[in-house]
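Visitor: return a 3D structure for these sequence lines:
(one chain, ligands or ions: 2)
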Amino acid sequence: MSSQIIPVEPFDYVVFGGTGDLAERKLLPALYHRQLAGQLTEPTRIIGASRTAMTNEEYRNYTLAALKEHLKAEELEETEVANFLARIHYVSVDAKSDQGWDDLKKLLDTGKDIVRAFYLAVSPSIFGDIADKIRDHKLITKSTRIVVEKPIGRDLASAQALNDTIGKVFKEEQIFRIDHYLGKETVQNLMALRFANALYEPLWNSAHIDHVQITVAESVGLEGRVTYYDKAGALRDMVQNHILQLLCLVAMEAPSSLDAEAVRDEKLKVLRSLKPITDGNVEKQTVRGQYRAGASAGGPVNGYQDELGAASDTETFVAIKAEINNWRWAGVPFYLRTGKRLATRMSEIVIAFKPIPHSIFGESAGRIEANKLVIRLQPDEGVKQWLMIKDPGPGGMRLRHVSLDMSFAQAFDVRNPDAYERLLMDVIRSNQTLFMRRDEVEAAWNWVDPILKGWEEIGQKAQGYTSGTWGPSQAIALIERDGRTWHEND
Ligand SMILES: NC(=O)C1=CN([C@@H]2O[C@H](COP(=O)(O)OP(=O)(O)OC[C@H]3O[C@@H](n4cnc5c(N)ncnc54)[C@H](OP(=O)(O)O)[C@@H]3O)[C@@H](O)[C@H]2O)C=CC1
Ligand SMILES: O=C1O[C@H](COP(=O)(O)O)[C@@H](O)[C@H](O)[C@H]1O
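Guide: Ligands and ions are numbered 1, 2, ... in the order given. Next up, the predicted model:
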């Protein structure tokens, strides 16, 4: 089964930070995949831009090396690779001086009538410089967009300042704030599951749902992003953006359509309904953790501070009991957790339904488990609905908890595209549905800021946990205090 690929109109994608990690690992491979899928049309160009001096030829070799490193050999079809490399250009540009900007303008002027996208795959500290240079060198055409990577700020004030800086040069409808989780297939499927089926929506509220769990577990550690991560920590790195976006998709009302404003209006209402976690309850409702030496699938691993080479209290794990103050969700806790160097790489959303009100089965039938809907985001994307059924056979009424499984890999014989593939093309299509609007980002910080402040004020320390486990024991206590348990990997 395959879905139809609709080509996009020709574009110039200028990737500031074209020699950086994100471009190498994600952006160039994603754009190549779109070439392979037949989605790129003539005269599309991809223009790397950063300070390093390089010729077009050298950047094509860099791109080829990135494709070889990050894609499977069978994906590198000779003709497609050659066609893709022909689209690649490079301009040495410094965000902080006038170096290279005239060259960039000259190159872009040869594609004046096509869509122009500027991707800021650079440190946020130079977003403002780049936006100003784009304006000063008159690089904005009537079909220009700008793509902004996370982190958008480190608190509400800095996010507002960053949004102001970019907003001085670009209109909101030209600004695409990436949250790559929104580009993941299963995350979009969450909307399909909720709003393309009549089955769940009547049950999707506090009358029928006991609680929700959102877990984004990583088995990797710092992965070289030491300087950034130690200043950020798990709350800023994962919760403020990805996890809150997942929470919004679970909790929002049905938007009137898939239109960007309709969807983002509904997400915003959820963010604004989150009950603040402030000094008084921050200790009870949040857990900070940091990995210590332990094991990963590849063998023994160092602790966070050994990797960092310095003492640090930055959290690499966070668990939170969040609550939403509205009619649909009053009294339904959302347990959130994310961390690095956990037992396995696994992201999932668990909708835990309430138990049946009365059992007609005797004790011999066994324990009746409450229904659960498990939406697996990665790996092994799919959906499992846990139900009670009768154990087959003549041995009387014995009940069993079993799952109806829908594995996407088995149901659809297609490659699961990387999130960036979808998002990069949505920018060209000018579709902002899967991008964050300014007010959403700021509403998310508005909820996160008091937690950060609370941690500082009460001096809440990161609890050590052994690498390769599920985080500090306090995270288990957080949910068990409420008579519930984290869903086990099955
Ligand atoms: N890497 C990842 O997995 C992710 C990254 N991000 C975000 O993406 C952005 C880029 O991250 P990443 O690729 O890891 O960073 P890197 O440090 O690997 O790359 C930074 C890039 O910026 C360029 N650069 C630095 N200074 C200037 C300047 N003055 N003018 C022009 N170009 C400059 C560098 O090239 P040169 O030195 O040649 O100028 C380099 O290409 C960051 O905001 C990060 O938070 C977000 C999610 C994931
Ligand atoms: O944005 C980020 O996401 C990655 C995890 O993304 P995934 O697609 O691999 O689940 C995380 O490792 C990184 O710290 C964070 O900045």
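Visitor: please name the nearest non-neighbouring residue to the residue in the stretch 351-490 of the chain that ligand 1 sits nearest to.
Guide: Using C-beta to the nearest ligand atom, the closest approach of the stretch 351-490 of the chain to ligand 1 is made by residue 420 at 9.8 Å. C-beta coordinates here come from the backbone N, C-alpha and C atoms, glycine included. Distances taken as C-beta to C-beta, 6 or more residues apart in numbering place residue 30 nearest to residue 420, at 3.9 Å, with adjacent residues excluded.
Visitor: the residue of the stretch 351-490 of the chain closest to ligand 1 against residue 28, yeah?
Guide: No - using C-beta atoms under 8 Å as the test, residue 420 is too far from residue 28 to be in contact (9.9 Å).
Visitor: quick check: residues of this protein near ligand 1?
Guide: 16-22, 50-52, 93-96, 121-124, 126, 149-151, 228 (C-beta under 6 Å from any ligand atom).
Visitor: restricted to helices, list the residues you listed.
Guide: Members of the residues of the chain next to ligand 1 lying in helices (criterion: DSSP state H): 21, 22, 228.
Visitor: list the contacts of the first one.
Guide: When contacts are counted by C-beta atoms under 8 Å, 6 or more residues apart in numbering, residue 21 is found next to 224, 225.
Visitor: same check on residue 455?
Guide: 282, 286, 288.
Visitor: and the closest residue to ligand 1 within the stretch 251-400 of the chain, what does it touch?
Guide: Residue nearest to ligand 1 within the stretch 251-400 of the chain: residue 340 (13.2 Å; C-beta to the nearest ligand atom). Contacts for residue 340 (C-beta under 8 Å, 6+ apart) come out as 218, 220, 221, 222, 234, 291, 304, 316, 317.
Visitor: skip the chain neighbours and tell me the closest residue to it.
Guide: Closest to residue 340 by C-beta to C-beta, 6+ apart is residue 316, at 4.6 Å.
Visitor: I'd say the residue nearest to residue 420 and residue 424 touch.
Guide: Yes - contact status for residue 30 versus residue 424: in contact at 5.6 Å, counting by C-beta under 8 Å.
Visitor: those two: which is more packed in?
Guide: residue 424 (28 against 21; other C-beta atoms under 10 Å).
Visitor: tell me which residue in this protein sits closest to ligand 1.
Guide: Sorted by distance to ligand 1 under C-beta to the nearest ligand atom, the residues of the chain start with residue 20, at 2.3 Å.
Visitor: count the residues that sit near the nearest residue to that residue once chain neighbours are set aside.
Guide: Among residues not flanking residue 20 along the chain, residue 121 sits closest, at 5.6 Å (C-beta to C-beta, 6+ apart). Residue 121 has 23 neighbours, counted by other C-beta under 10 Å.
Visitor: same question for residue 311.
Guide: 6.
Visitor: verify the stated contact: it with residue 303.
Guide: No - here residue 311 does not reach residue 303: they are 11.3 Å apart, not a contact under C-beta under 8 Å.
Visitor: can I have the buried ones of the contacts of residue 340 as a PyMOL selection?
Guide: Remark: buried members of the contacts of residue 340, expressed as a PyMOL selection using 16 or more other C-beta atoms under 10 Å:
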select buried, resi 218+221+222+234+291+304+316+317
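Visitor: is residue 212 bridged to anything, and to what?
Guide: Per DSSP bridges, the residues bridged to residue 212 are residue 334, residue 351.
Visitor: what sits against it?
Guide: Here residue 212 is in contact with 247, 250, 251, 332, 333, 334, 335, 349, 350, 351, 352 (C-beta under 8 Å, 6+ apart).
Visitor: helix or strand right after whatever helix or strand residue 287 lives in?
Guide: Here residue 287 sits within strand 286-292, counting by DSSP states H and E. Proceeding N to C from strand 286-292, the next assigned helix or strand is strand 294-296, under DSSP H and E.
Visitor: quick one: contacts of the following helix or strand past that following strand?
Guide: Counting by DSSP H and E, the element after strand 294-296 in chain order, helix or strand, is strand 299-301. Contact with strand 299-301 is made by 221, 293, 294, 295, 341, 467, 468, as judged by C-beta under 8 Å, 6+ apart.
Visitor: which non-adjacent residue is nearest the third one?
Guide: On the basis of C-beta to C-beta, 6+ apart, the spatially nearest residue to residue 294 that is not a chain neighbour turns out to be residue 467, at 3.1 Å.
Visitor: ramachandran angles for the one you found?
Guide: phi -50, psi 140 (degrees, to the nearest 10).
Visitor: might one say that it is in contact with residue 296?
Guide: Yes - between residue 467 and residue 296 a contact is recorded at 6.2 Å, counting by C-beta under 8 Å.
Visitor: what about the helices in the stretch 151-300 of the chain?
Guide: 156-169, 185-195, 226-232, 234, 244-251, 260-273, 279-285 (DSSP state H, counting those that start in this stretch).
Visitor: average pLDDT for the first one?
Guide: Meaning helix 156-169. For helix 156-169, mean pLDDT rounds to 97.
Visitor: got it, and stretch 80-100?
Guide: pLDDT averaged over stretch 80-100 gives 98.
Visitor: what's the answer for stretch 395-409, then?
Guide: So the average pLDDT for stretch 395-409 ends up being 90.
Visitor: and stretch 295-310, by the same measure?
Guide: 90.
Visitor: for stretch 446-453, same thing?
Guide: Per-residue scores along stretch 446-453 average to 98.
Visitor: which outside residues touch it?
Guide: Under C-beta under 8 Å, 6+ apart, the answer for stretch 446-453 is 155-156, 235-236, 239-240, 244, 271, 274, 276-279, 282, 286, 320.
Visitor: residue 420 and residue 28: who's more crowded?
Guide: Set side by side, residue 420 and residue 28 show more neighbours around residue 28, with 27 against 21, by other C-beta under 10 Å.
Visitor: could you say which helix or strand holds the nearest residue in space to the more buried one that is not next to it in sequence?
Guide: In this structure, residue 28 finds its nearest non-sequential neighbour in residue 66, 4.8 Å apart by C-beta to C-beta, 6+ apart. For residue 66, the enclosing helix or strand under DSSP H and E is helix 56-70.
Visitor: surely residue 279 and residue 458 touch.
Guide: Yes - between residue 279 and residue 458 there is a contact under C-beta under 8 Å: 6.5 Å.
Visitor: hang on, the earlier thing: deepest-packed of the helices of the stretch 151-300 of the chain, please.
Guide: Across the helices of the stretch 151-300 of the chain, averaging neighbours per residue (mean count of other C-beta atoms under 10 Å) puts helix 234 on top, at a mean of 26.
Visitor: quick one: average pLDDT of that one?
Guide: On average, helix 234 scores 98.
Visitor: what do you get for stretch 193-208?
Guide: pLDDT averaged over stretch 193-208 gives 96.
Visitor: buried residues in it?
Guide: 193, 194, 204, 206.
Visitor: now do the SS call for residue 146.
Guide: Under the three-state scheme (DSSP: H, G, I helix; E, B strand; the rest coil), residue 146 adopts strand.
Visitor: pull the contacting residues for it.
Guide: Residue 146 neighbours (C-beta under 8 Å, 6+ apart): 117, 118, 119, 120, 131, 134, 166, 169, 170, 174, 175, 176.
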